[in-house]
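Colleague: Below are the sequence and a predicted model; questions follow.
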Amino acid sequence: MNIHSYINNDVLPLLPNYPVKMVRGMFSDLTYTHIPVVEDNFLVGNISENDVQGFDPEKKISDYQYGLDAFFVRKSTNWIDVLEAFAQNNTNIIPVLDENNQYVGYYDLIDIVGIFKETPFLNEPGGILIVEKGTLDYSFSEISQIVESNDGKLLGAFISEMGESITQITLKIANRGLSNIIQTFRRYNYNIVSGAEEDLYMEDLKERSNYLKKFLNI
């Protein structure tokens with residue numbers, strides 16, 4: 001998926017000689033957690049809105065260069081890794097560098113999340129199933145085999161939680177009925193965390209049926 005068209009330049013990067021007082025004012029007009037600092041088209045770092053509040057307003061950014069956050073992605077970075085970079089750096093803006101380490105712009109978190117919304121994982125109809133198994137025991141090949149052996153189509157899967165002993169996997173499955181898939185996962189010793197709505201629906205039908213029989217026998 002090509003995300004180069006999402007490289008943004010609406011907010012110009014800062015220069016190291018900009019006064020802290022001016023940078024504070026810029027943050028008050030923006031919703032970004034950071035602003036890139038660039039010199040001679042090379043990224044110096046990213047100044048944080050939280051950090052700048054503790055800087056002396058009469059000094060310059062260059063006086064606090066040691067406090068800048070050093071994170072970026074490259075134009076060649078795929079969108080999943082870009083999304084991961086946002087999460088790892090707790091930011092909503094990521095500078096983008098080309099193959100020569102030149103600053104070319106930035107990605108906005110909202111734009112990248114918007115790309116995720118267009119993927120089949122969210123767009124295609126299907127059911128969400130969350131399963132868990134021992135961290136050393138699960139495998140994605142086994143998960144795919146379970147889904148496909150029950151005529152399901154796996155639209156996406158990711159590890160949503162990982163502990164020392166248990167790993168949780170979220171699945172999007174194109175299948176009108178998840179019951180057989182759920183039962184197969186259970187036979188393979190997967191715990192069903194969420195997605196057993198069909199099981200609950202069947203239980204509800206049974207309860208309603210029993211109630212109707214009792215009503216008709218009155």
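Modeller: Good, I have the coordinates.

Colleague: tell me the contacts of the residue nearest to the spatial centre of the chain?
Modeller: Centroid check for the chain by Cα atoms, centre = their mean gives residue 83 as the closest residue, at 5.8 Å. Shown in contact with residue 83 (Cβ atoms under 8 Å, 6 or more residues apart in numbering): 112, 113, 116. Every residue, glycine included, has its C-beta placed from N, CA and C.

Colleague: Can you list phi and psi of it for me?
Modeller: phi -60, psi -40 (degrees, to the nearest 10).

Colleague: where's it relative to residue 164, distance?
Modeller: 25 Å (Cβ to Cβ, to the nearest Å).

Colleague: per-residue confidence at residue 174?
Modeller: pLDDT for residue 174: 86.

Colleague: Next: residue 213.
Modeller: Confidence at residue 213, expressed as pLDDT, is 51.

Colleague: Ok, residue 96 next?
Modeller: Reported pLDDT at residue 96 in the predicted model: 97.

Colleague: Can you add secondary structure and give the contacts of residue 83 back as a markdown table?
Modeller: Shown next, in a markdown table, are the contacts of residue 83 (DSSP: H, G, I helix; E, B strand; the rest coil):
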| residue | secondary structure |
| --- | --- |
| 112 | helix |
| 113 | helix |
| 116 | helix |
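
Colleague: Now list the buried members of these.
Modeller: Neighbour-count burial (16 or more other Cβ atoms under 10 Å) is assigned, among the contacts of residue 83, to residue 112.

Colleague: Least confident of the contacts of residue 83?
Modeller: Comparing pLDDT over the contacts of residue 83, the lowest score belongs to residue 116 (73).

Colleague: you'd agree it is up against residue 109?
Modeller: No. Counting by Cβ atoms under 8 Å, residue 116 does not reach residue 109; the two are 10.7 Å apart.

Colleague: Just put the contacts of residue 83 in JSON lines and tack on distance to residue 18.
Modeller: Putting those into JSON lines (distance: Cβ to Cβ, whole Å) gives the following:
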{"residue": "112", "distance to residue 18": "27"}
{"residue": "113", "distance to residue 18": "30"}
{"residue": "116", "distance to residue 18": "34"}
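
Colleague: Low-confidence ranges, this protein, go.
Modeller: The model of the chain has pLDDT under 70 over residues 1, 176, 195-218.

Colleague: What segments of this structure are strands?
Modeller: Secondary structure of the chain by DSSP state E: the strands cover 34-39, 42-48, 73-74, 93-97, 103-108, 127-134, 153-162, 166-174, 191-194.

Colleague: Output those in a markdown table, with mean neighbour count and distance to residue 19 appended to each entry.
Modeller: Shown next, in a markdown table, are those (neighbours: other Cβ atoms under 10 Å; distance: least, Cβ to Cβ, whole Å):
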| stretch | mean neighbour count | distance to residue 19 |
| --- | --- | --- |
| strand 34-39 | 22 | 13 |
| strand 42-48 | 21 | 12 |
| strand 73-74 | 18 | 29 |
| strand 93-97 | 23 | 21 |
| strand 103-108 | 21 | 21 |
| strand 127-134 | 19 | 50 |
| strand 153-162 | 15 | 44 |
| strand 166-174 | 19 | 47 |
| strand 191-194 | 15 | 52 |
